[in-house]
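Student: show me the folded form of this:
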Amino acid sequence: MGRTAQTAGRWTAATLIVPLAMALVATAGTALAAPSAPPAVAQAAPPSGDPEDVEPARLPTAAPTRAEVQDERLTAPSPSPDSGGAAQVTSPDPLKLVAITWTGIAPQLIELRSRLASGQFGPWTKVDPVDTERDGRRTASTGTEPVWVADSREVQVRASTDGQPVTQRVALTSIDPGVGSNDARIAAASTTPGGATGSPSSPAVVTRAQWGADERLMTWTPEYTPTVRAVTVHHTAGTNAYTAADSAAIVRGIYTYHARTQGWGDIGYNVLVDRFGTVFEGRAGGLARSVIAAHAGGFNRETFGIGMMGDFTDVAPPAASIEATAQLAAYKLGGLYRDPNATVSLTSTGGGTSRYPAGRAVTLPTVFAHRDVGATECPGNTGVRSMPTIKSRTAALVGNLASYPIRQKWLALRSVLAEPSVVESPTARSARVTRFSGANGAVYWSSATGAWAVYGVIGSRYDALGAAGSPLGLPRTDERVAPDGRGRFNQFQAGSIYWTPQTGAWPVKGAILTKWGQLGYERSSLGYPRGAEYAVTGGLRQDFERGYLRYDSRTGVVNVNR
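Tutor: Okay, the predicted model is just below:
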């Protein structure tokens, strides 16, 4: 502490220039290096004091609810004027979520209808093949999007190619997601309040634990990209005729269908929004982080997929759904400093329903519809017509990016920090933090301290100590070259961390730091610290390269031992 005052005038502009950080990286081997980002990178959990994710809904944890999957038997349909070429499932138990599968080449037209509570069959509805997919899946889809049929006991299907019936080649799978212990609570709380996290804030999210995800189905270990550059808007292509009490069950059904029937090991969307504006966590791995999902084949990396629950081919998305979608897009894009009105270049990985071959760079809006990159109608014609509203509302919520202090620091240090990978979020000491994909970097900001970066080996040590929640408090400087030119350091509210390639990175604080400063810091006869302070009989001791300092807790005196 106090070094800024003691060394005023010793710092030249050169000592603060970012390229010096990279020069030191070269001398330190891989210790401080910011490697080029691979297609997918692992991300550790945030350190103590940093948030793990967005604000959860105010709900208890639900008991995991296991869905039942059944291959139904198709029989001759009930006679009616328009049942030609159809087959029917008649179930003694209410059917919930159904999907049609097939072998070989997909039929050109697949339709479905169910018997309504009135006793009559509803209209025939076209059902599209699954147009979401996991990267690396190069085979054509063999199933439709799932459709919620509520409690119908009779469902008819028909399929044709070139006008000829091929219904004999299809099968019907039903998924009963069960009744979750939170379903009624979720229905009662179906609103879109702003949460407490993000820049701007996100709506409160019904977490996987709250909607009753059966994590035994989750076989896809979370994968991450260095950053998210764009938001992709979808519709789930199911029914619009569901109640708020059905929403969690529909999410569980889609999860089971994607994870088990489609074989992806998890749900395809990063997040889902029902027609009442309730937000459900989708793909595991953390909504604040850059998780790879399976929502837009060829473009799952560096995008965040929002699935609006319903079929928006002819019916417009409800206002509550649009608002929640915009809030989520603003949370993700604003918290990663992306301009919702800008464009972005994304490179296709190809495969499946992608409109573009692998390796093709495509310029896209930062908020775009799934059909912009996939051979699909998603998010439906009326969904597409809602995109300008979603985009303008997202931009209004993000506001002026130039006013974000962490963003300004990031732009100044972008060559070291690379891209934002974890959404700006609150942390300990009434501060905010954004984590970056380069050099284990993070930028912390508070009104009291300003915005400062911590990265490399010093950043790793700071994280290990608890980051903003540690005894050091928040950073008060960026990483700097020490006056002797051999090491580097960051100053914090209650101490500093010093690093050299020979000694590693260690904190120095309190009375020991004060005494070390009086002796000349790293230029003293003691040199750099080679460990943290530790308790000894009657006080504390910290070892340095050429001796140690011992603090006497009885007298408050720090003795020098060389």
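Student: what about the strands in the stretch 101-250 of the chain?
Tutor: 109-114, 125-126, 147-148, 154-161, 164-165, 170-176, 205-206, 230-235 (DSSP state E, counting those that start in this stretch).
Student: mean pLDDT lowest where, among those strands?
Tutor: Sorting the strands of the stretch 101-250 of the chain by mean pLDDT places strand 125-126 lowest, at a mean of 88.
Student: give me the contacts around that strand.
Tutor: Residues outside strand 125-126 that contact it (C-beta atoms under 8 Å, 6 or more residues apart in numbering) are Leu109, Ile110, Glu111, Leu112, Arg113, Val147, Asp311. Every C-beta, even on glycine, is put in place using the N, C-alpha and C of the backbone.
Student: pick the one among the residues you listed closest to Pro226.
Tutor: Asp311 (34.6 Å; C-beta to C-beta).
Student: please name the nearest non-neighbouring residue to the closest one.
Tutor: Ala237 (5.3 Å; C-beta to C-beta, 6 or more residues apart in numbering).
Student: now do the one you found against Val157, distance only.
Tutor: Distance, Ala237 to Val157, using C-beta to C-beta, to the nearest Å: 16 Å.
Student: with Val344 instead?
Tutor: Taking C-beta to C-beta, one finds Val344 at 40 Å from Val157.
Student: more crowded one of the two?
Tutor: The neighbour count for Val344 versus Val157, taken as other C-beta atoms under 10 Å, is higher for Val157 (26 against 17).
Student: bridged to that one, which residues?
Tutor: On the basis of DSSP bridges, Val157 is bridged to Ala87, Leu112.
Student: list the contacts for it?
Tutor: Val157 neighbours (C-beta under 8 Å, 6+ apart): Leu74, Ala86, Ala87, Gln88, Val89, Ile100, Ile110, Glu111, Leu112, Thr167, Val170, Leu172.
Student: wait, the third one sits on Ala76?
Tutor: Yes. Using C-beta atoms under 8 Å, Ala87 is in contact with Ala76, at 7.1 Å.
Student: those two: who's more crowded?
Tutor: Between Ala87 and Ala76, counted using other C-beta under 10 Å, the more crowded position is Ala87 (21 against 9).
Student: who's in contact with the more buried one?
Tutor: By C-beta under 8 Å, 6+ apart, Ala87 lies in contact with Leu74, Thr75, Ala76, Pro77, Gln156, Val157, Arg158, Thr167, Gln168, Val170.
Student: the fifth one touches Phe121, doesn't it?
Tutor: What it means is Gln156. Yes. Between Gln156 and Phe121 there is a contact at 6.7 Å, judged by C-beta under 8 Å.
Student: how close does Trp85 get to Gly473?
Tutor: Rather than Trp, residue 85 is Gly. Applying C-beta to C-beta, the value for Gly85 to Gly473 is 72 Å.
Student: more neighbours: those two, which one.
Tutor: Applying other C-beta under 10 Å to Gly85 and Gly473 shows that Gly473 carries more neighbours, namely 20 against 17.
Student: which of the helices or strands spans the more buried one?
Tutor: For Gly473, there is no helix or strand it lies in under DSSP states H and E.
Student: and it, how far from Gln518?
Tutor: With C-beta to C-beta as the criterion, Gly473 and Gln518 are 22 Å apart.
Student: same question for stretch 73-92, mean pLDDT?
Tutor: 90.
Student: got the buried residues for it?
Tutor: By neighbour count on 16 or more other C-beta atoms under 10 Å, the buried set for stretch 73-92 is Leu74, Pro77, Ser83, Gly85, Ala86, Ala87, Gln88, Val89, Thr90, Ser91.
Student: surely the first one and Val89 touch.
Tutor: This means Leu74. Yes. Taking contacts as C-beta under 8 Å, Leu74 lies within contact range of Val89: 6.0 Å.
Student: mutual contacts of those two, please.
Tutor: Counting by C-beta under 8 Å, 6+ apart, the residues touching both Leu74 and Val89 are Val157, Leu172.
Student: the biggest helix by length in the chain packs against which elements?
Tutor: Ranked by residue count and defined by DSSP state H, the top helix of the chain is helix 319-335. Secondary-structure packing of helix 319-335 (3 or more C-beta pairs under 8 Å, 6 or more residues apart in numbering; DSSP states H and E): strand 230-235, strand 271-273, strand 303-308, helix 387-398, strand 420-427.
Student: quick one: low-confidence ranges for the stretch 1-150 of the chain?
Tutor: 1-53, 136-140 (pLDDT under 70).
Student: helices along that one, start to end?
Tutor: For the stretch 1-150 of the chain, the helices defined by DSSP state H, counting those that start in this stretch cover 3-6, 19-27.
Student: what about Ser496, neighbour count?
Tutor: So Ser496, with other C-beta under 10 Å, has 25 neighbours.
Student: could you measure from it over to Ala184?
Tutor: For Ser496 relative to Ala184 (C-beta to C-beta), the value is 54 Å.
Student: so can I have a markdown table of the strands of the stretch 101-250 of the chain showing distance to Thr449?
Tutor: Shown next, in a markdown table, are the strands of the stretch 101-250 of the chain (distance: least, C-beta to C-beta, whole Å):
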| stretch | distance to Thr449 |
| --- | --- |
| strand 109-114 | 59 |
| strand 125-126 | 58 |
| strand 147-148 | 51 |
| strand 154-161 | 61 |
| strand 164-165 | 71 |
| strand 170-176 | 52 |
| strand 205-206 | 30 |
| strand 230-235 | 32 |
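Student: please work out which of the ones you listed is packed deepest.
Tutor: Using mean count of other C-beta atoms under 10 Å, the stretch among the strands of the stretch 101-250 of the chain with the largest mean neighbour count is strand 230-235, at a mean of 29.
Student: convert the C-alpha atoms of that one to CSV, please.
Tutor: Output in CSV follows, covering the C-alpha atoms of strand 230-235 (Å, rounded to 0.1, in the frame of the first residue of the first chain):
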residue,chain,number,x,y,z
ALA,A,230,-24.3,-12.5,-31.8
VAL,A,231,-27.8,-13.7,-30.7
THR,A,232,-29.9,-16.1,-32.7
VAL,A,233,-33.6,-16.0,-32.4
HIS,A,234,-35.7,-19.2,-32.9
HIS,A,235,-39.2,-20.5,-32.3
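Student: thinking again about what came up before, for the buried residues of stretch 73-92, which one is nearest Asp176?
Tutor: Distances from Asp176 to the buried residues of stretch 73-92, taken by C-beta to C-beta, are shortest for Ser91, at 10.0 Å.
Student: is it true that the closest one touches Ser174?
Tutor: Yes. Here Ser91 reaches Ser174: they are 7.3 Å apart, a contact under C-beta under 8 Å.
Student: any common contacting residues for the two?
Tutor: Contacts common to Ser91 and Ser174, judged by C-beta under 8 Å, 6+ apart, are Glu72.
Student: using JSON lines, lay out the helices and strands packed on helix 319-335 together with distance to Gly527.
Tutor: Shown next, in JSON lines, are the helices and strands packed on helix 319-335 (distance: least, C-beta to C-beta, whole Å):
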{"stretch": "strand 230-235", "distance to Gly527": "49"}
{"stretch": "strand 271-273", "distance to Gly527": "52"}
{"stretch": "strand 303-308", "distance to Gly527": "48"}
{"stretch": "helix 387-398", "distance to Gly527": "48"}
{"stretch": "strand 420-427", "distance to Gly527": "33"}
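Student: for Arg546, which of these is the nearest?
Tutor: Nearest of these (C-beta to C-beta): strand 420-427, 37.0 Å.
Student: what about that closest one, distance to the chain center?
Tutor: Put simply, strand 420-427 sits 10 Å off its chain's centre (C-alpha atoms, centre = their mean, to the nearest Å).
Student: got the CA positions of it in CSV?
Tutor: C-alpha atoms of strand 420-427 as CSV (Å, rounded to 0.1, in the frame of the first residue of the first chain):
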residue,chain,number,x,y,z
PRO,A,420,-15.0,-10.9,-23.3
SER,A,421,-16.0,-14.4,-22.4
VAL,A,422,-18.2,-14.0,-19.2
VAL,A,423,-20.9,-11.3,-19.1
GLU,A,424,-20.2,-8.3,-17.0
SER,A,425,-21.7,-9.0,-13.6
PRO,A,426,-21.7,-7.8,-10.0
THR,A,427,-19.1,-9.0,-7.6
